[in-house]
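Engineer: sharing a model prediction with you, sequence too.
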Amino acid sequence: MLVERLKEANSELYRPALETLRTLIRTSTSSMTSVPKPLKFLHPHYPELQKLFDAWSPSEDKSLFADILSVLAMTYSDTQPRGTLRYRLLSASFLPASSTIPEPGSWGHEYVRHLAAELGEEYIIRQEGEDAVAPPPAADGAEDVKPEPVKIPGTIDDLRALAMDCAKFFLGHNAEPDAVDLFVELEMVDRLVALVDANTFGRVCTYMDRCVTLLPPPDDVTFLRTIHKIYLKFSKFPEALGIAIRLNDAELIRQDFNVSGNPTMRRQLAFLLARAQIPVEWLQPPASEDADAEEELPDDIMECLSNTHLSRFFKEFGKEVGVADPKSLEDVYKSHLENTRAGISANVDSARGNLAGTFVNAFVNAGFGNDKLMVEAEEGNSWVYKNKDHGMMSAAASLGLSLLWDTDVGLSHVDKYTYSSEEHIKAGALLATGLLNAGVRTEADAALALLGDYTTNPSLSLKTASIIGLGLAYAGSHREDLLALLLPAVADETTSMEVAALSALALGFVFVGSGNGEITSTILQTLMERDEKALSEKWGRFLALGLALLFVGLQDASDATLETLKAIEHPISKQAQILVEVCSFVATGNVLRVQRLLHICGEHLEAVKEKEEAAEKEEKKEESKEDEQKPDDTFQSFAVLGVAMIAMGEEIGAEMSMRQFNHLMHYGDPIIRKSVPLALGLISASNPQLPVLDTLSKYSHDNDLQVALNAIFAMGLVGAGTNNARLAQMLRQLAGYYYKEPDCLFVVRIAQGLVHMGKGTIGLNPFFSDRNIMSRPAIAGLLATIMAFTDAKAFVLDKYHWMLYFLVTAMYPRFLITLNEDLEGLPVTVRVGQAVDVVGQAGKPRTISGFQTHQTPVRLGTTERAELATEEYIPYAHVLEGFVILQKNPGWEKEDTMQL
């Protein structure tokens, strides 16, 4: 009847008829599954109503009519795309300027979602190249009989204004993800900041945060910047600072750090910066403004920033958890459980065994400064003298690991070895000095003072030890004064390739992720000028790695360097290109890059003919692996590691890459098979999940010893510092299995040391703060150690076993220590459980599952999360991890009234 009424000529009756239609449509709510009745009955009349509508003259009535048609168009969306949107915009255009169209939300939730979907579609069609408004785009794929295409009025700004209305509705009705998605489609994410309020901003930000890894490059940075603005707007400083660290933007970090006036808050922020090892210099205002502007940061904040508290708290933590007593090697090996027959293993080279013991002892007792073999040993009886030649260097250096972070006591212990007449011991002592200071800054700058003079020492071992020592001690500090010490060695053509490569690597450590132009150009220069033979040495890869580390996390900033590398003819350019690209996109989960790398892994380099030639050569002399004719395939091994590097940031990517590694293992060339276990170790450092362990266990019995060796080391990485009982058992079996293979046995021992690292308190995972922020120096350390294993025979099993100490930059205690506002320990109860992803879930779901309640300080696993058990204290940090300062909650009363 109402439809008939609209067809009549009497125009006074239109308005009431439309009003009645509107109320009928709005009030009919039926069950979710069926179409509301009015829409169902009006469906057949829709084409007639359309014709009628076109015949009317523009008026307020016509606008209301359009609004109703817009709702009806929902039922026709398959034959006439974007009808809802078209009538909605028409309805707005017929209104007189004074009155406004009703909110889209007044028609209900489904209508708004429909509208939002059509907005996105329309925007894409307009962007893809059909002219914006003049000739309207033809209806996409619509098989209607109607000759005329869909005309959609309005400009892009109108679309965006409508999107704002929709987003307001979404945010008010717990549909934050919908709002974010709509804004992404219309490319206006930055406008979200104005819309969110105190109730919705948290959910919007967590959802956006999760999207970041899934977005293509320019968008992910805009997302992070938007999140950052929202957090600042609601003065959530730790969250904002966390985002600034991920953006690696010195300017933002400085503003965030200085924006809070509360001194306790600033201390908490300082702990966060210290964990990320952000250069202290970034927090001072730029020197150009004023000479007076350089005001010193207060001492207490400097102490937090330079991690000076770390050693003291770590030792207290060890006492609390009951692992302060030193462990002997036998406690780790538990060789009485190995099922070897006594007397057979007597033929093992004892120096090799002792060398393994050095590392195990160093890793297991790291940071406690009380091990029996080195620190507590009597003068003439030190473990150093139980090693031969280059073994002494690692033994003396293990002192640095044992006294990790303890700069005061440590230096006095190491000091006595620096006067040794034995060159190797002296070199070890220099390296130990560097290890001590890793990740900790002191006023005295002892490492620079002690090691600076040796960088030009004629003795090779002293020179390399001091260079690497400096690199580790100042990892991530971007200290300009180290340039003068280390750059000349890279540039000078007369230095050996070894020194040049290690200097480049040390610079890579110090300036990790800085994109420093001076170093970049010097290393590129070296790569161009050195002769073929030098670049083909095994050290070439570290030269390339030093270059790549400068670009960690810089994404597109490395393009110019990549172009330059393409100009170099030598095979090393291919290796360097892959390394630089991988480091730039580390942990971004960038799918296109992963596909490129997999493509590289898939190339079988030699055609059949070349294979035969190579086979003859192999018989003649096996060592000449990089002979002129045989193509150099090291770059493939880097490509495999690259897949792991890029995918390690987010769980979905990591899981997908595991499948790829399985394929590579089946079909890859030997060099690729050798690298797969290392990639597995890299992707889940200190995160022993069963599938990874089983896979590695399978590879550790591979008939290619190189694969087995790398798999065993990877087992050590995966279980680093977790005391995982299952892993320890596997390693004991392997020790029995390989008792005649000194190389493998050596690596088994080292893996055992890694699994019990810091007696189960120190981890290697480079991500912290709920696995969101990546520590750049940690990535550098892990990558450098793994590089040494890409050719284990030439490095770790030869006389460069000290390369294992590269891991020190990634080692960090996995604890939660709660402090009061004066930075003294404050035990509170916390719940620790597996972290659960609750993004986009309704209500307030639990963020952890299967929790246990502990007193702080507590140890947290890689995938675990903690929350305070009571509301007695309010934490300053947003993630309970590392050092957290608590503030008494003023509104909290003890609940003791309930007890009966």
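Structural biologist: Nice, I can see it.
Engineer: distance between the lengthiest helix in the chain and the chain's centre?
Structural biologist: Ranked by number of residues, the top helix in the chain under DSSP state H is helix 109-127. Helix 109-127 sits 34 Å away from the centroid of its parent chain (C-alpha atoms, centre = their mean, to the nearest Å).
Engineer: in it, what's buried?
Structural biologist: Residues 111-120, 122-123, 125-126 are the ones in helix 109-127 that count as buried (16 or more other C-beta atoms under 10 Å). In this view, the C-beta of every residue, glycine as well, is placed from N, C-alpha and C.
Engineer: and residue 799, what does it touch?
Structural biologist: Contact partners of residue 799, counting by C-beta atoms under 8 Å, 6 or more residues apart in numbering, are 389, 390.
Engineer: please redo it, this time with the cut-off set to 6 Å
Structural biologist: residue 390 (C-beta atoms under 6 Å, 6 or more residues apart in numbering).
Engineer: can you name the next helix or strand after the lowest-mean-pLDDT helix or strand in the chain?
Structural biologist: Least confident helix or strand, the chain: helix 608-620 with a mean of 43, by mean pLDDT, DSSP states H and E. Scanning forward in sequence from helix 608-620 by DSSP states H and E, the next helix or strand is helix 634-647.
Engineer: show me what that following helix is in contact with.
Structural biologist: Applying C-beta under 6 Å, 6+ apart, the external contacts of helix 634-647 come out as 574-575, 578-579, 582, 585-586, 590, 593-594, 597, 600-601, 653-654, 657, 671-672, 675-676, 679, 682-683, 790.
Engineer: how many neighbours does residue 739 have?
Structural biologist: By the criterion of other C-beta atoms under 10 Å, residue 739 has 18 neighbours.
Engineer: er, residue 218 I mean
Structural biologist: Residues near residue 218, counting by other C-beta under 10 Å: 10.
Engineer: checking residue 561 next. Helix, strand or coil?
Structural biologist: helix (DSSP: H, G, I helix; E, B strand; the rest coil).
Engineer: neighbours around it, how many?
Structural biologist: The number of residues packed near residue 561 is 24, by other C-beta under 10 Å.
Engineer: make 40 the first number, not 1, from now on.
Structural biologist: Renumbered: residue one is now 40, and that last one reads residue 600.
Engineer: show me the contacts for it.
Structural biologist: 559, 619.
Engineer: measure it to residue 556 for me?
Structural biologist: 10 Å (C-beta to C-beta, to the nearest Å).
Engineer: check residue 687 too.
Structural biologist: Distance from residue 687 to residue 556, by C-beta to C-beta: 28 Å.
Engineer: now do residue 685
Structural biologist: Noted for residue 685: a distance of 25 Å to residue 556, by C-beta to C-beta.
Engineer: picking that back up, which of the contacts of helix 673-686 fall within helices?
Structural biologist: 613-614, 617-618, 621, 632-633, 636, 639-640, 692-693, 696, 710-711, 714-715, 718, 721-722, 829.
Engineer: tell me the domain boundaries of the chain?
Structural biologist: Listed domain ranges for the chain are 40-169+190-257, 274-323+336-343, 346-379+389-513, 515-600, 625-649+672-852, 854-927 (source: the TED database).
Engineer: with distance to residue 609 as extra columns, can I get those domains in CSV?
Structural biologist: Shown next, in CSV, are these (distance: least, C-beta to C-beta, whole Å):
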stretch, distance to residue 609
domain 40-169+190-257, 30
domain 274-323+336-343, 31
domain 346-379+389-513, 24
domain 515-600, 5
domain 625-649+672-852, 11
domain 854-927, 40
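Engineer: weakest of these in terms of mean pLDDT?
Structural biologist: The weakest mean pLDDT among the domains of the chain belongs to domain 40-169+190-257, with a mean of 76.
Engineer: mind exporting stretch 460-468 as CSV, just the C-alpha atoms?
Structural biologist: Taking Å, rounded to 0.1, in the frame of the first residue of the first chain, the C-alpha atoms of stretch 460-468 are listed here in CSV:
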residue,chain,number,x,y,z
SER,A,460,104.4,-13.5,28.8
GLU,A,461,102.3,-16.0,26.8
GLU,A,462,100.9,-14.1,23.9
HIS,A,463,97.7,-16.2,23.7
ILE,A,464,96.8,-15.7,27.3
LYS,A,465,97.4,-12.0,26.9
ALA,A,466,95.1,-11.9,23.9
GLY,A,467,92.4,-13.8,25.8
ALA,A,468,92.6,-11.3,28.6
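Engineer: which residues are in contact with that stretch?
Structural biologist: Applying C-beta under 6 Å, 6+ apart, the contact partners of stretch 460-468 are 423, 428-429, 431-432, 435-436, 453, 456-457, 459, 498, 500-501, 504.
Engineer: what's the most distant pair in those?
Structural biologist: The two members of the contacts of stretch 460-468 with the most space between them (C-beta to C-beta) are 428 and 453, at 19.9 Å.
Engineer: in terms of neighbours, single out the busier of those two.
Structural biologist: Between residue 428 and residue 453, counted using other C-beta under 10 Å, residue 453 has the larger neighbour count: 25 against 12.
Engineer: name the nearest residue to the more buried one, sequence neighbours excluded.
Structural biologist: Residue nearest to residue 453 in three dimensions, not counting chain neighbours: residue 471, with 4.7 Å by C-beta to C-beta, 6 or more residues apart in numbering.
Engineer: distance from the chain centre to the helix or strand where that neighbour lies, please.
Structural biologist: Using DSSP H and E, residue 471 maps to helix 462-475. The chain centre lies 32 Å from the centre of helix 462-475; the measure is C-alpha atoms, centre = their mean.
Engineer: and for stretch 101-115?
Structural biologist: 49 Å.
Engineer: export only the CA atoms of that stretch, formatted as CSV.
Structural biologist: Output in CSV follows, covering the C-alpha atoms of stretch 101-115 (Å, rounded to 0.1, in the frame of the first residue of the first chain):
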residue,chain,number,x,y,z
LYS,A,101,13.5,12.8,-2.3
SER,A,102,16.5,12.7,0.2
LEU,A,103,14.5,10.6,2.6
PHE,A,104,13.4,8.4,-0.3
ALA,A,105,17.1,7.9,-1.2
ASP,A,106,18.0,7.0,2.3
ILE,A,107,15.4,4.3,2.3
LEU,A,108,16.4,3.0,-1.1
SER,A,109,20.0,2.9,0.2
VAL,A,110,18.9,0.4,2.8
LEU,A,111,16.9,-1.6,0.3
ALA,A,112,19.9,-1.7,-2.0
MET,A,113,21.5,-4.1,0.5
THR,A,114,19.3,-6.9,-0.8
TYR,A,115,20.4,-6.1,-4.4
